[in-house]
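Asker: Next input, structure requested:
(2 chains)
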Amino acid sequence: MRRSFWHRLDQFARQLFPFALTLALLLASLVPLPLPAYASVTPSFMVMAVYFWTLHRPDLMPPSAIFVIGLLQDFLTGGTLGIGAIVLLALSFATGSQRRFLGGALFVTVWAGFVVNSAGAAILTWLLNTLAAGAMFDPRPALFQYLLTVGLYPSMGWLLVRAQRAVLRPV
Amino acid sequence: MKTRGNSVLRLATPVRAWAQRFALALMLCTAFGLMLMSRSDTAGVERLRMTVADAVAPILGLMAEPVSTVTRMVQSIGALGDIYAQNEELRQENERLLQWLDAAKALQQENASLRQLLNLSAPATPRYVTTRIIGDNGGAFVRTVLVSSGAREGVRKNQAAIAGEGLAGRVIEVGERAARVLLLTDINSRVPVALENSRVRAVLAGDNGPMPQLVHLPPDTVPEIGERVVTSGFGGLFPPGIPVGTVAHASPEGVQVLPLVAWDRIEFLRLVDYEAADLAGLLPENAVGAPR
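Answerer: Okay, the predicted model is just below:
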């Protein structure tokens, strides 16, 4: 009985892992780095994490979790509330509908999928911000942010695969 | 038993799918609602934001610590190489500054006596709160930073934030132990400024780019390139005379100002308590410490 309680607790903690890791990534992405113009082109770690978990463990990254993460992102980055949540939910919906092709595909294919899906996310973010502010934003920072996000996805994906294998294998 | 379980499942699956879709729609609607709300109901949104910021501020502070330690280590290693040349430079600069100090002291004396002649009250010395930046990286659409002081430390809304050489922005949201500063470069930032030489007033408007624009200039003014821009104190939010930047481009299409602040390297901000300083101006002169 006791063992099963601990077992369940362990199971529960492991199932919470993708959500907790994504939150930690969100906080880490806020830390100021002394790099030129980094603040405006900080890669979107949330887009990477949501794409990854929607493809690999959608059961552990349900829309409710994505909603919470997106809202927290809006709260903490000082952006217009709701935009992050809408973009991440849309990204997960779009990615979820492509799981059949991307699910067990080669990494290059998964990355190509990310190139397309995160482009959609970047364009949606730009549109919503433009709509909310009622002013055209210079698309260049958003473009650089997108390129950096795409460029960093392989290393982030590698890290997340390791983390997934280490923590989620027994689940 | 088995068939019953199956029939329940058969019924449950579409219900569950429907519930999931409904939940997704609900969440999207909530998000859109929040988007509208953050345009109109700013006070409520502000309170929500700062509650969240207060909760994570200690964690962010801890996370920023090692980064700044490493940065400082790297910088000091880099500085070791040219320590000799730097020392020589500083020695010369020190000499120059000592001369300036003499000049300033004489001017201060003169200023004080002239003020006395005119019966003009001395401007108050503002109080400062120095605070660490614990979060920036708002992404491509906002230029704000989160700092690790809040109402507890005497931070209030609309205080000017200064980074080393010049004005960096303005406090827009204050929590218990965190506050958010809107930088000069943000698209929503408007700062009343004046050109230092000609004393022409204008408004410095951010556009999310590195160089904010001077708007509302009198029609026939063409500022000189390199002319300094300072706060005008108009509107009463900021003390007058805080250096902001220099005119970088001036053309009929617009005038751009290069801020003095080195955005990539700021770690701390000084928040100026100007309202308190204003009140202090009403007190007798001895009550406020004059700069020595």
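Asker: Just the CA atoms of the helix-or-strand element of chain A with minimal mean pLDDT, as PDB, please.
Answerer: Least confident helix or strand, chain A: helix A:38-41 with a mean of 77, by mean pLDDT, DSSP states H and E. Written as PDB, here are the backbone C-alpha positions of helix A:38-41 (Å, rounded to 0.1, in the frame of the first residue of the first chain):
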ATOM      1  CA  TYR A  38      19.500  40.000 -27.100                       C
ATOM      2  CA  ALA A  39      16.400  41.400 -25.300                       C
ATOM      3  CA  SER A  40      14.500  42.100 -28.500                       C
ATOM      4  CA  VAL A  41      15.500  38.900 -30.400                       C
END
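Asker: Mind listing residues that contact it?
Answerer: A:32, A:141, A:144-145, A:148, B:136-140, B:143, B:208, B:263-264 (Cβ atoms under 8 Å, 6 or more residues apart in numbering or on different chains). Any C-beta I mention is one placed from the backbone N, CA and C, and that applies to glycine too.
Asker: Buried only: go through the residues you listed for me.
Answerer: A:32, A:141, A:145, B:136, B:137, B:138, B:139, B:140, B:143, B:208, B:263 (16 or more other Cβ atoms under 10 Å in any protein chain shown).
Asker: For the residues you listed, work out which two are farthest apart.
Answerer: A:32 and B:208 (17.9 Å; Cβ to Cβ).
Asker: which one is residue B:221 nearest to, not counting chain neighbours?
Answerer: In this structure, residue B:221 finds its nearest non-sequential neighbour in residue B:200, 5.2 Å apart by Cβ to Cβ, 6 or more residues apart in numbering or on different chains.
Asker: neighbours around that neighbour, how many?
Answerer: Neighbourhood size, residue B:200 [other Cβ atoms under 10 Å in any protein chain shown]: 16.
Asker: Got phi/psi on it?
Answerer: Phi and psi for residue B:200, reported as degrees, to the nearest 10, are phi -80, psi 130.
Asker: same thing with the one 4 residues further on?
Answerer: For residue B:204, the backbone dihedrals are phi -90, psi 120 (criterion: degrees, to the nearest 10).
Asker: Contacts only, for it.
Answerer: Residues in contact with residue B:204 (Cβ under 8 Å, 6+ apart) are B:184, B:189-193, B:212-215, B:229, B:244, B:257.
Asker: roughly how far out does the helix or strand hosting residue B:116 sit from the chain middle?
Answerer: Element membership of residue B:116, judged by DSSP states H and E, is helix B:83-118. From the chain centre to the centre of helix B:83-118 is a distance of 28 Å (Cα atoms, centre = their mean, to the nearest Å).
Asker: on contacts alone, who are the packing partners of it?
Answerer: Contacting helix B:83-118 under the criterion 3 or more Cβ pairs under 8 Å, 6 or more residues apart in numbering or on different chains; DSSP states H and E is no other helix or strand.
Asker: at 10 Å what do you get?
Answerer: When contacts are defined as 3 or more Cβ pairs under 10 Å, 6 or more residues apart in numbering or on different chains; DSSP states H and E, helix B:83-118 packs onto helix B:42-81.
Asker: From the contact counts, what lies against the helix it packs on?
Answerer: Contacts defined by 3+ Cβ pairs under 10 Å, 6+ apart place helix B:42-81 against helix A:2-30, helix A:63-77, helix B:2-40, helix B:83-118, strand B:127-135, strand B:144-147, strand B:166-174, strand B:179-183.
Asker: Now do stretch B:225-240: distance from first to last residue.
Answerer: Taking Cα to Cα, to the nearest Å, stretch B:225-240 runs 22 Å from one end to the other.
Asker: a markdown table for the buried ones among the contacts of helix A:38-41, including secondary structure, distance to residue A:8 and pLDDT?
Answerer: A markdown table is the format used below for the buried ones among the contacts of helix A:38-41 (DSSP: H, G, I helix; E, B strand; the rest coil; distance: Cβ to Cβ, whole Å; pLDDT from 0 to 100):
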| residue | secondary structure | distance to residue A:8 | pLDDT |
| --- | --- | --- | --- |
| A:32 | coil | 40 | 81 |
| A:141 | helix | 46 | 86 |
| A:145 | helix | 41 | 90 |
| B:136 | coil | 41 | 79 |
| B:137 | coil | 38 | 71 |
| B:138 | coil | 40 | 70 |
| B:139 | coil | 39 | 76 |
| B:140 | coil | 43 | 80 |
| B:143 | coil | 47 | 88 |
| B:208 | coil | 49 | 85 |
| B:263 | helix | 49 | 82 |
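Asker: Out of these, which comes closest to residue A:20?
Answerer: residue B:137 (20.6 Å).
Asker: what sits against that closest one?
Answerer: A:29-33, A:38-43, A:76-78, B:144-146 (Cβ atoms under 10 Å, 6 or more residues apart in numbering or on different chains).
Asker: go with 8 Å
Answerer: A:29, A:30, A:31, A:32, A:33, A:38, A:39, A:42, A:77.
Asker: Nearest spatial neighbour of it, chain-adjacent residues omitted?
Answerer: residue A:42 (3.9 Å).
Asker: Check residue B:53 too.
Answerer: residue B:178 is the one closest to residue B:53 (Cβ to Cβ, 6+ apart), at 4.3 Å.
Asker: wait, doesn't that neighbour sit right on residue B:54?
Answerer: Yes - contact between residue B:178 and residue B:54 holds when scored by Cβ atoms under 8 Å: they sit 5.5 Å apart.
Asker: so what sits against both of these two?
Answerer: Common neighbours of residue B:178 and residue B:54 (Cβ under 8 Å, 6+ apart) are residue B:150.
Asker: Which of the two has more residues huddled nearby?
Answerer: Set residue B:178 next to residue B:54 and count neighbours by other Cβ under 10 Å: residue B:178 wins out with 29 against 17.
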